[in-house]
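Peer 1: Okay, here's the prediction I keep looking at, along with the sequence it came from:
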Amino acid sequence: MKRRERDGGSENGGLPSGDDPVSPALRSVLSAMPTPALACDPETHAIRAANAPAVSLLDRDPAALRVLGLSALAAGGTTADGDSVDTAIARARTADGDAGVVAVETDAVDGDGGRRRLELTPRSATVDGDEWLIVGLADVTARVRAESRLQSQLRVTEAIAAALPGALFECTANGTLHRWNDQFAADTGYEGRELSTTELTSLFVESGPDRGSDAGGASVTEMLRRVYRDGDTVDREVTLLTRAGERVAYRLTLGPITDGDKVIGAIGIGEDVTATSLREERLAVLTRVLRHNFRNDLNVVAGFTERAIEATDDPQRAAELERVVDTAERLLRLGETARKVERLLADRPDPQSLDLRETVAEALASLPSDLRERAEIDVDVPEGVTVTAIGYLAEGLAELVDNAIRHNDAEHPRVEISAAELPSSSWTSLVVDDDGPGIPPTEQAVLTGEETPLDHASGLGLWYVNWIVGASGGTLDITESRDGGSRIEIELKTPETG
């Protein structure tokens with residue numbers, strides 16, 4: 001198309017001057033545009049003028065731009081999709097009323113060492129009687145990289161969801177299902193399309209089996225309310241109602257998805273615990289029956305044996321009968337420890353802040369009076385020392401002191417209980433030290449998992465203490481005391497302040 005020659009000014013940002021075919025009207029149009037823009041020949045796509053934002057964006061001399069075509073802006077002369085720039089521009093001009101977008105990567109790199117991504121938006125325009133191709137420019141490098149990172153994160157998330165052995169799902173802000181993995185679909189028995197926009201609460205009954213309507217927070221509705229209202233993470237055993245109408249014991253954990261301070265959705269993890277629940281129920285019944293019979297029968301054995309001791313004049317026989325009584329009492333204590341273990345495992349308590357001095361006093365007060373009177377118990381626990389532990393810590397300490405006294409043949413066994421905050425200020429050390437015979441290696445093996453059926457610990461006490469410390473997030477270590485006895489050190493976290 002023939003162009004009329006125009007006289008132009010020399011000072012106008014990236015606008016040409018001299019005999020360039022750019023009218024003052026076109027220069028005025030480009031100058032008025034606040035975003036980067038180029039004026040190009042509509043047939044050859046040669047760049048004829050650029051406004052100041054375009055010159056700044058492309059970081060090229062205005063005169064240098066006027067000898068280039070649009071394809072020169074792209075690395076290799078092709079778009080990000082690998083097409084010819086000229087072909088893509090021609091296609092974009094006919095798409096949606098001249099509103100198409102062409103994405104290109106430049107040869108220039110940014111501060112991160114990557115190529116910049118530009119979007120070209122070509123529009124036809126008639127200015128002062130001449131037809132022009134006005135091309136808007138936008139640097140979308142940051143957006144494209146953010147989208148790439150997001151896509152990468154989504155791929156990782158999808159891979160994790162697919163690899164998880166349990167169910168994983170996401171709910172919208174109104175509690176309807178948005179995404180889920182194959183395991184969740186398999187657990188519910190529904191096809192993917194059937195789960196879409198389904199309300200999560202419709203997949204569960206409001207209480208667990210045989211628990212009643214107020215099942216201790218087992219309502220999924222209440223769980224979601226806490227997640228959305230308070231931002232809490234909630235873990236409960238609930239009852240899943242499958243597509244086939246089967247009721248399944250289900251361990252469900254729900255947590256918030258947040259955007260700043262606002263909860264915009266919920267993430268859920270689920271696990272079919274039918275087999276576990278049934279096994280725990282059977283074990284609980286079996287344990288209660290055995291413990292009841294165990295205790296009653298041992299009490300009978302101890303009672304009759306004590307009567308036999310009183311009736312005999314034979315010292316040797318009396319000593320043998322005393323051993324029977326001691327064994328019965330030891331087994332009774334073992335049964336009592338088993339009861340405590342059962343309660344601990346059933347409660348699944350959460351750690352809390354405990355005053356260590358008060359906890360030690362509670363532990364010592366719970367000991368049988370004859371044990372306290374027999375032993376020398378020294379306590380060195382500073383006031384104001386607090387630790388993070390479950391409420392069973394006092395029972396665990398009592399178990400350690402009880403064992404230290406019972407298994408010591410000295411006339412007055414010595415037990416020292418001391419505590420100190422460690423230099424890190426985030427942990428506290430609690431030590432129970434005695435002058436007894438020490439803890440046999442077979443008993444200590446419970447801490448390392450090296451116990452075997454042929455060489456196993458004889459009691460539950462150390463197991464019980466170790467479980468309490470583990471549930472508190474602490475550690476337990478056994479070494480020899482300076483008097484040759486046992487030194488048991490428990491390290492517990494100090495609660496965060498502020």
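Peer 2: Thanks, I have the structure now.
Peer 1: ranges for the strands of the stretch 251-400 of the chain?
Peer 2: For the stretch 251-400 of the chain, strands defined by DSSP state E, counting those that start in this stretch occupy the ranges 262-272, 352-355, 376-380, 386-389.
Peer 1: actually the stretch 101-250 of the chain, not the one I typed
Peer 2: Under DSSP E, counting those that start in this stretch, the stretch 101-250 of the chain gives strands at 102-109, 115-127, 130-139, 167-171, 177-180, 204-205, 234-241, 247-259.
Peer 1: between the strands of the stretch 251-400 of the chain, which one is nearest to residue 303?
Peer 2: Counting by CB to CB, residue 303 lies closest to strand 376-380 out of the strands of the stretch 251-400 of the chain; the figure is 31.2 Å. Heads up, the C-betas are built off the backbone N, CA and C, glycines and all.
Peer 1: Can you list the neighbours in contact with stretch 225-232?
Peer 2: 173, 175, 233, 234, 254, 255, 256, 258, 263, 266 (CB atoms under 8 Å, 6 or more residues apart in numbering).
Peer 1: now that stretch, how far from the centre of its chain.
Peer 2: How far stretch 225-232 lies from its chain's middle: 17 Å, per CA atoms, centre = their mean, to the nearest Å.
Peer 1: Now that stretch: buried residues?
Peer 2: Neighbour-count burial for stretch 225-232 flags 227, 228 (criterion: 16 or more other CB atoms under 10 Å).
Peer 1: The residue lying closest to residue 362 once chain neighbours are set aside and residue 361, how far apart?
Peer 2: Closest residue in space to residue 362, ignoring its immediate chain neighbours: residue 394 at 4.2 Å, by CB to CB, 6 or more residues apart in numbering. Plainly put, residue 394 is 9 Å away from residue 361 if you go by CB to CB, to the nearest Å.
Peer 1: Settle it for me: which of the two has more neighbours?
Peer 2: A direct count of neighbours by other CB atoms under 10 Å for residue 394 and residue 361 places residue 394 higher, at 20 against 14.
Peer 1: For the more buried one, which residues are in contact?
Peer 2: By CB under 8 Å, 6+ apart, residue 394 lies in contact with 359, 360, 362, 363, 366.
Peer 1: and residue 492, what is it in contact with?
Peer 2: 387, 388, 389, 427, 428, 430, 469, 472, 473, 474.
Peer 1: wait, isn't the third one in contact with residue 465?
Peer 2: No - judged on CB atoms under 8 Å, residue 389 makes no contact with residue 465 at a distance of 11.8 Å.
Peer 1: To what extent is residue 243 buried, counted in neighbours?
Peer 2: 13.
Peer 1: Please list the outside residues in contact with stretch 173-188.
Peer 2: Outside of stretch 173-188, the residues within contact range by CB under 8 Å, 6+ apart are 161-162, 164-172, 191-192, 195-201, 203, 224, 228, 240, 242-243, 248, 250, 263-266, 270, 272.
Peer 1: Go again with 6 Å.
Peer 2: Stretch 173-188 is contacted from outside by 161, 167-170, 172, 195, 197-200, 203, 224, 242, 264-265, 272, using CB atoms under 6 Å, 6 or more residues apart in numbering.
Peer 1: Pull out the buried residues from the helix or strand hosting residue 415.
Peer 2: Using DSSP states H and E, residue 415 maps to strand 414-421. By neighbour count with 16+ other CB under 10 Å, strand 414-421 contains the buried residues 414, 415, 416, 417, 418, 419, 421.
Peer 1: which other helices and strands contact it?
Peer 2: strand 376-380, strand 427-434 (3 or more CB pairs under 6 Å, 6 or more residues apart in numbering; DSSP states H and E).
Peer 1: now the first one, how far from the centre of its chain.
Peer 2: With CA atoms, centre = their mean as the basis, the distance from the averaged C-alpha position of strand 376-380 to the chain average is 42 Å.
Peer 1: swap in stretch 80-87?
Peer 2: Here stretch 80-87 is found 45 Å from its chain centre; the criterion is CA atoms, centre = their mean.
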